[in-house]
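>>> Whatever this is, show me its structure:
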Amino acid sequence: ADRLGLTRMVPARDGLPCRTTYTVTRRHANGAGAWAGGSGSGRDDDDRGSAGFTTTVELTPHTGRLHQLRAHMAAIGYPILGDDIYSGPAA
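Predicted coordinates for the structure are as follows:
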């Protein structure tokens, strides 16, 4: 749980499906400068998980599940900056 008392959501076999798409709009190295982004899965990124790198994305939720955007971004290795629940290890 985080400081607001929220808990991390986890996928369940009997759960409802959810879908989010995203577009990388900017990539930042150590918060300084940026280089062009583009559409796609974002998996071509060599800086995934490296300290000092951030990526700005445009997220489009196609369903409305609790914590959907937070959970999806964490699942692909890009947790939302400042997210106390999904940016660390599972509780």
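>>> what are the ranges of the strands in this protein?
Counting by DSSP state E, one finds strands in the chain at the ranges 20-29, 32-36, 53-61.
>>> Which helix or strand in the protein has the lowest average pLDDT?
In the chain, no helix or strand scores lower on mean pLDDT, DSSP states H and E than strand 32-36, which sits at a mean of 44.
>>> Identify the residue spatially nearest to residue 63, adjacent ones excluded.
The shortest distance from residue 63 to any residue other than its chain neighbours is 4.3 Å, reached at residue 18 (CB to CB, 6 or more residues apart in numbering). Using the backbone N, CA and C atoms, a C-beta is placed for each residue, glycine as well.
>>> ugh, wrong one, residue 55
According to CB to CB, 6+ apart, the nearest residue to residue 55 is residue 27 (5.1 Å).
>>> hang on, isn't the one you found packed against residue 57?
No: using CB atoms under 8 Å, residue 27 is not in contact with residue 57; the gap is 9.7 Å.
>>> pLDDT weak spots in the protein?
In the predicted model, the chain carries pLDDT under 70 at residues 1-6, 30-51, 89-91.
>>> Check the gap between the closest residue to residue 67 other than its chain neighbours and residue 56 for me.
In this structure, residue 67 finds its nearest non-sequential neighbour in residue 9, 4.6 Å apart by CB to CB, 6+ apart. Noted for residue 9: a distance of 24 Å to residue 56, by CB to CB, to the nearest Å.
>>> now do residue 70
When CB to CB is applied, the distance between residue 70 and residue 56 equals 16 Å.
>>> Next: residue 28.
For residue 28, the distance to residue 56 equals 7 Å [CB to CB].
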